[in-house]
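Q: got a sequence here, can you model it:
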Amino acid sequence: MTIEDRDDAHLITHALAKDTLSRLRDVETEQVAFRKGLVKLGRICGYEVIDGAMETEYVPVQTPLQETTGERVKGLDDVVIINVLRAATPFVEGLLKAFPRAKQGVISAGRDEEAGMTDEGEFPITIDYVKLPEIRPDDTVIVADPMLATGSTMCAVLDHVLDEADDFEDLFVLSAVSAPEGLVRVSESVPEADLLTVAIDDRLDDDGFILPGLGDAGDRAFRTV
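A: Next up, the predicted model:
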């Protein structure tokens, strides 16, 4: 099993996930390689969600020679992936390789950097755009954002998701890198969500950035620095 339980999250420990994340952290990784790395990491994480959280069923299969019994994943058509714009876009592109028939939603959310972080370690969050598909009781919902820092943005996003969804099969918050403070905030605010991350980093700095982190994922992926 390559998903380990931690106090406030589940840690994806697949060797390729860790290898890809190490390349993403490297300051020498340029924009094209960084974006492709996020796509690759999203695909790996998607496969880990399938392996660790989704059930399979036995089905009859007719080979060219005879009938046999095969095994298929249940619920692959009942997946909703929510893209937290913009940094999650390449991350979600990778997830869609694992879940090609997933319904997609987008939420544009960002923290007010000028206002700064409060004494409680939170940021004011602005939601600019929300477009979500119907979320049904048998759907697995994956909210993807590569960076989970203070958790302020994710909590605001989840508020919108929960407003739209009366019920669902599972709710996953998926990130590449998380800070302990953010994991605690999200797990306490939205206990029904399962938090999945490839790395739990050391801490936040005074400006609310993850250390050691990987920089600003959106800026590095879209070359806006």
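Q: could you pull out the strands for this structure?
A: Remark: strands assigned in the chain by DSSP state E are 3-5, 10-12, 56-62, 67-73, 79-85, 103-111, 125-131, 140-144, 147-148, 170-178, 194-200, 203-204, 210-211.
Q: weakest of the ones you listed in terms of mean pLDDT?
A: Within the strands of the chain, the stretch with the lowest mean pLDDT is strand 3-5, showing a mean of 84.
Q: in that strand, what counts as buried?
A: For strand 3-5, the neighbour count (16 or more other C-beta atoms under 10 Å) marks Ile3 as buried. For glycine as for every other residue, the C-beta is placed from the backbone atoms N, C-alpha and C.
Q: ok, stretch 150-161 next?
A: With burial defined by 16+ other C-beta under 10 Å, the residues of stretch 150-161 counted as buried are Thr150, Gly151, Ser152, Thr153, Met154, Cys155, Ala156, Val157, Leu158, His160, Val161.
Q: thought the fourth one was touching Asp112?
A: No: assessed by C-beta atoms under 8 Å, Thr153 is found out of contact with Asp112, at 10.6 Å.
Q: give the residues shared as contacts by the two.
A: Common neighbours of Thr153 and Asp112, counting by C-beta atoms under 8 Å, 6 or more residues apart in numbering, are Phe123, Ile125.
Q: columns distance to Val186 on top of the strands of the chain, output as JSON lines?
A: Supplementary listing: the strands of the chain in JSON lines, determined by distance: least, C-beta to C-beta, whole Å:
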{"stretch": "strand 3-5", "distance to Val186": "16"}
{"stretch": "strand 10-12", "distance to Val186": "13"}
{"stretch": "strand 56-62", "distance to Val186": "29"}
{"stretch": "strand 67-73", "distance to Val186": "27"}
{"stretch": "strand 79-85", "distance to Val186": "12"}
{"stretch": "strand 103-111", "distance to Val186": "14"}
{"stretch": "strand 125-131", "distance to Val186": "13"}
{"stretch": "strand 140-144", "distance to Val186": "10"}
{"stretch": "strand 147-148", "distance to Val186": "7"}
{"stretch": "strand 170-178", "distance to Val186": "6"}
{"stretch": "strand 194-200", "distance to Val186": "6"}
{"stretch": "strand 203-204", "distance to Val186": "14"}
{"stretch": "strand 210-211", "distance to Val186": "14"}
